[in-house]
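Peer 1: sharing a model that was predicted from the sequence below.
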Amino acid sequence: MLEAYTTLGFLAAQTERVRLGTMVSPVALRPPALLVKAVTTLGVLSGGRAWLGIGAGYHSAEAEALGLPLPPVAERFERLEQTLQVATRMWAGDETPFEGKHYRLGHPVDSPGPAQRPHPPILVGGAGARCTLRLVARYADACSLADIPDGGRTVTHPVVTCPVGSAALHAGVAILLKIYPHCIDGQAEARASRARPRGRGTAPGDRRPHRRAAAVPRTDQ
């Protein structure tokens, strides 16, 4: 598997319109400032086509095989929020020291600044209502949704701990469900697909193709 940001840098030089980002980078894999600089650099060199895709991470077998860090789940979510805080501060031009539980940055400089304003779009991977969607509502522009067969209950769960309120999250979810309508109920879609008459070249259980408009390394090393 190719390393994500090296690959995205190559794609930036070979393309003109495609958006560039990961789905998603495990938070413990790179120090926050290094990750922010990678996304900023990608955006500057591509003319403003980068996004930050980030998540808590989960692939224990890969981490063990390659000697990569994978802290306990609670710590990964703490690191995820602190990394999002560092990213938004650096992209806002805030160079004051950052003191967090897991990260300490004495002078977090991001120069040159991001090509996109106010900053590259932020996508947080996951759909957990207690932790992930709260971070989506507070810091992000989108989230990466799995095929959750619950009629949309997970992604429309009120995020009462977010000071912005759940309205912003619900607006983002509405947009995502327009793009990925199969996420509303994967089981219902599978049943409907099996029940539809099959034309030539259509196999049982075939589903509508996902519409993706970006170069997206599905995992990140």
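Peer 2: That came through fine.
Peer 1: which parts of whatever helix or strand Ala65 lives in are buried?
Peer 2: Secondary structure assignment for Ala65, by DSSP states H and E: helix 60-66. Neighbour-count burial for helix 60-66 flags 62-63 (criterion: 16 or more other CB atoms under 10 Å). In this view, the C-beta of every residue, glycine as well, is placed from N, C-alpha and C.
Peer 1: what does stretch 120-135 give?
Peer 2: Buried-residue list, stretch 120-135, by 16+ other CB under 10 Å: 120-127, 131-135.
Peer 1: and what of stretch 34-42?
Peer 2: 35-42.
Peer 1: among the buried residues of stretch 120-135, give me the pair with the biggest separation.
Peer 2: Pro120 and Cys131 (22.6 Å; CB to CB).
Peer 1: ok, back up a step: using CSV, lay out the buried residues of stretch 34-42 together with pLDDT, secondary structure and distance to Arg76.
Peer 2: Converted to CSV, the buried residues of stretch 34-42 look like this (pLDDT from 0 to 100; DSSP: H, G, I helix; E, B strand; the rest coil; distance: CB to CB, whole Å):
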residue, pLDDT, secondary structure, distance to Arg76
Leu35, 97, helix, 14
Val36, 97, helix, 18
Lys37, 97, helix, 21
Ala38, 97, helix, 19
Val39, 97, helix, 19
Thr40, 97, helix, 23
Thr41, 97, helix, 25
Leu42, 97, helix, 24
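Peer 1: got CSV for those residues, with distance to Tyr139 too?
Peer 2: Shown next, in CSV, are those (distance: CB to CB, whole Å):
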residue, distance to Tyr139
Leu35, 14
Val36, 13
Lys37, 18
Ala38, 18
Val39, 14
Thr40, 17
Thr41, 21
Leu42, 19
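Peer 1: Met90 touches Ala33, doesn't it?
Peer 2: Yes: using CB atoms under 8 Å, Met90 makes contact with Ala33 at a distance of 7.0 Å.
Peer 1: the two: which has the busier surroundings?
Peer 2: Met90 (24 against 19; other CB atoms under 10 Å).
Peer 1: give the burial count for Leu70, as a bare number.
Peer 2: So Leu70, with other CB under 10 Å, has 19 neighbours.
Peer 1: which of the helices or strands spans it?
Peer 2: With DSSP H and E as criterion, Leu70 is part of no helix or strand.
Peer 1: ok, now how distant is it from His59?
Peer 2: 8 Å (CB to CB, to the nearest Å).
Peer 1: which residues do these two both contact?
Peer 2: Taking CB atoms under 8 Å, 6 or more residues apart in numbering as the contact rule, Leu70 and His59 both touch Pro26.
Peer 1: quick one, helices of this structure?
Peer 2: Assigned by DSSP state H, the helices in the chain fall at 4-14, 32-46, 60-66, 73-91, 132-139, 166-179, 186-195.
Peer 1: great, nothing more from me.
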